[in-house]
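Colleague: Here is my input, please return the structure:
(one chain, ligands or ions: 2)
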Amino acid sequence: MKENIVIIGGGIAGLEAAGQLAALGYKPIIIEKSDHLGGHVAEWHRLFPDMTPARDVVGGLISRASGSNIFLNTEISFVNKLKDSYNIMLSNGISIITRIILVTTGFSVFEAARKEEYGYGVYDQVMTNRDLEHWFNTGKDKRVDNCAMNAVGFVHCVGSRDEKAKNPQCSKVCCITAIKQAIEIKQRFPEAMVYCFYMDLRMFGKKYEDFYINAQRDYGIRFIRGRVSEVSENIDGRVIVKAEDTLSGKPVKVTLDLLVLMAGMVCSQESTKVANMANLPVDSDGFLKSRDNVTAIIESPKEGVFYAGACTGPKTVPETLAEARAAALEVHLYIKSLE
Ligand SMILES: Cc1cc2nc3c(=O)[nH]c(=O)nc-3n(C[C@H](O)[C@H](O)[C@H](O)COP(=O)(O)OP(=O)(O)OC[C@H]3O[C@@H](n4cnc5c(N)ncnc54)[C@H](O)[C@@H]3O)c2cc1C
Ligand code: SF4
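Modeller: Ligands and ions are numbered 1, 2, ... in the order given. Here you go, the predicted structure:
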């Protein structure tokens with residue numbers, strides 16, 4: 001079918017929507033600013049709760065979307081509203097006239113250095129959840145390679161549920177990601193003591209509770225309820241973490257070889273840029289604002305503009321894929337309504 005459908009963002013949301021639209025007979029156009037498809041998931045190692053290799057998920061999505069017109073290393077320069085369509089100018093000079101835009105620009109990982117008290121970028125042995133995924137995939141990171149890995153800690157809620165960081169919302173995926181990463185650490189370093197410092201554990205998804213129980217029962221991972229009050233470095237370069245265990249009411253002090261910060265999901269500057277260009281509203285949490293958050297999360301308030309995935313808020317992979325499928329159907333029905 002001839003209708004131009006522009007998908008901005010070639011992460012899993014954009015890819016899944018493109019694959020579904022291709023199955024419905026369209027040839028969507030994917031605009032991706034980076035040099036690869038798959039977005040953040042292409043950076044992850046294994047996906048909770050089944051430990052599915054992220055590479056396999058992304059590979060399947062890319063092959064289903066392969067009939068699309070794909071522009072890599074390409075950004076949107078501007079969006080002009082015409083009478084009943086949009087003119088989208090790409091950074092490569094190509095201009096596309098379309099009646100349908102699907103925004104799938106995703107999220108950013110919170111910049112952990114903004115929480116100075118945790119010492120990211122200051123103490124040698126502090127890394128983020130994203131850095132750890134990189135190490136799982138490449139086996140290269142001097143913070144892991146140069147240490148004994150006898151004791152590892154995970155700090156939950158870094159840059160989430162935090163008024164000071166201007167993000168009072170829960171990022172939803174980081175509790176379960178911490179458990180997944182803690183298990184992966186124990187699989188590689190069975191002798192290591194592994195601690196998770198949490199405020200609440202949000203095990204909302206299918207089989208998440210089982211995953212949490214396995215982490216304790218089968219891997220001996222220790223969960224300490226309490227906010228970390230102080231992080232410092234000792235003379236050997238190890239990290240000292242102080243917290244109050246709010247269940248026992250006692251202070252806790254541990255010395256770690258590695259501290260992993262569970263940085264949250266925040267709206268990307270890229271999404272905000274696209275929103276500004278296309279005159280789309282931004283919600284109070286910084287993510288793109290849907291027509292409503294109950295029945296129309298994939299619809300923008302603008303005619304012909306739809307959303308899918310983490311551009312409207314923190315989401316898991318299955319949630320993102322489900323939204324992308326729903327958005328593809330919504331786009332199809334919208335095109336039919338124009339005939
Ligand atoms: C550390 C961590 C681990 C995670 N692990 C899991 C897990 O194990 N299981 C799970 O279910 N979920 C996991 N998640 C959540 C998962 O990453 C998201 O559900 C998923 O990435 C959302 O996909 P998306 O396509 O909406 O966004 P993204 O992955 O952010 O992709 C967006 C894409 O759009 C592109 N883009 C952005 N702006 C523009 C623009 N202006 N023009 C062109 N292109 C643009 C980006 O380059 C990117 O390719 C994890 C999240 C984190 C932070
Ligand atoms: S999912 Fe867990 S770690 Fe992430 S913000 Fe919510 S409570 Fe904190």
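Colleague: can you give me the strands in the stretch 1-150 of the chain?
Modeller: 5-8, 29-31, 46-47, 52-53, 69-71, 76-81, 86-90, 95-98, 100-103, 107-109, 126-128 (DSSP state E, counting those that start in this stretch).
Colleague: Any idea which of these gets closest to A243?
Modeller: Closest approach to A243 among the strands of the stretch 1-150 of the chain (Cβ to Cβ): strand 126-128, 15.2 Å. Bear in mind the C-beta positions are built from the backbone N, C-alpha and C, glycine included.
Colleague: coming back round to it: please name whichever of the strands of the stretch 1-150 of the chain is nearest to L333.
Modeller: The stretch from the strands of the stretch 1-150 of the chain with the least distance to L333 (Cβ to Cβ) is strand 100-103; that distance is 11.2 Å.
Colleague: Show me what that closest one is in contact with.
Modeller: For strand 100-103, contacts defined as Cβ atoms under 8 Å, 6 or more residues apart in numbering pick out 3-9, 14, 17, 28, 79, 86, 88, 271, 274, 278, 280, 288, 300, 304-308, 311, 327, 331, 334-335.
Colleague: just the CA coordinates of that strand, formatted as CSV?
Modeller: Extracted C-alpha coordinates of strand 100-103, given in CSV (Å, rounded to 0.1, in the frame of the first residue of the first chain):
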residue,chain,number,x,y,z
ILE,A,100,1.0,9.4,9.8
ILE,A,101,3.8,9.7,12.3
LEU,A,102,4.6,7.0,14.8
VAL,A,103,6.9,8.3,17.6
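Colleague: Please, where are all the helices along the stretch 51-200 of the chain?
Modeller: 54-64, 129-138, 142-145, 174-188 (DSSP state H, counting those that start in this stretch).
Colleague: and the contacts of strand 100-103, which of them are in helices?
Modeller: G14, A17, S271, V274, A278, A327, V331, Y334, I335 (DSSP state H).
Colleague: Quickly name whichever of those residues is closest to ligand 1.
Modeller: Of all the ones in helices among the contacts of strand 100-103, ligand 1 sits closest to V274, with 4.8 Å by Cβ to the nearest ligand atom.
Colleague: Also within reach of ligand 1: list those from the ones in helices among the contacts of strand 100-103.
Modeller: On the criterion Cβ under 6 Å from any ligand atom, G14, V274 are the entries of the ones in helices among the contacts of strand 100-103 that sit beside ligand 1.
Colleague: Could you identify the buried members of the ones in helices among the contacts of strand 100-103?
Modeller: Buried members of the ones in helices among the contacts of strand 100-103, counted by 16 or more other Cβ atoms under 10 Å: G14, A17, S271, V274, A278, A327, V331, Y334, I335.
Colleague: So the third one sits against I76, correct?
Modeller: Okay, so that is S271. No - using Cβ atoms under 8 Å, S271 is not in contact with I76; the gap is 11.3 Å.
Colleague: so what sits against both of the two?
Modeller: Common contacts of S271 and I76 (Cβ under 8 Å, 6+ apart): none found.
Colleague: which parts of the stretch 51-200 of the chain sit against ligand 2?
Modeller: H156, C157, S160, R161, C170, S171, K172, C174, C175, D200.
Colleague: run the last query once more with 5 Å
Modeller: H156, C157, S160, C170, S171, C174, C175 (Cβ under 5 Å from any ligand atom).
Colleague: Run through the residues that contact the second one.
Modeller: Neighbour list for C157: C170, S171, C174, Y198, M199, M262, G264 [criterion: Cβ under 8 Å, 6+ apart].
Colleague: Can you check those and name whichever has the most neighbours?
Modeller: C174 (29 neighbours; other Cβ atoms under 10 Å).
Colleague: That one touches G159, doesn't it?
Modeller: No - between C174 and G159 there is no contact under Cβ under 8 Å: 9.4 Å.
Colleague: which neighbours do those two share?
Modeller: Common contacts of C174 and G159 (Cβ under 8 Å, 6+ apart): A263, G264.
Colleague: Any idea how many residues pack against A324?
Modeller: By the criterion of other Cβ under 10 Å, A324 has 28 neighbours.
Colleague: SS state for it?
Modeller: Recorded secondary structure, A324: helix (DSSP: H, G, I helix; E, B strand; the rest coil).
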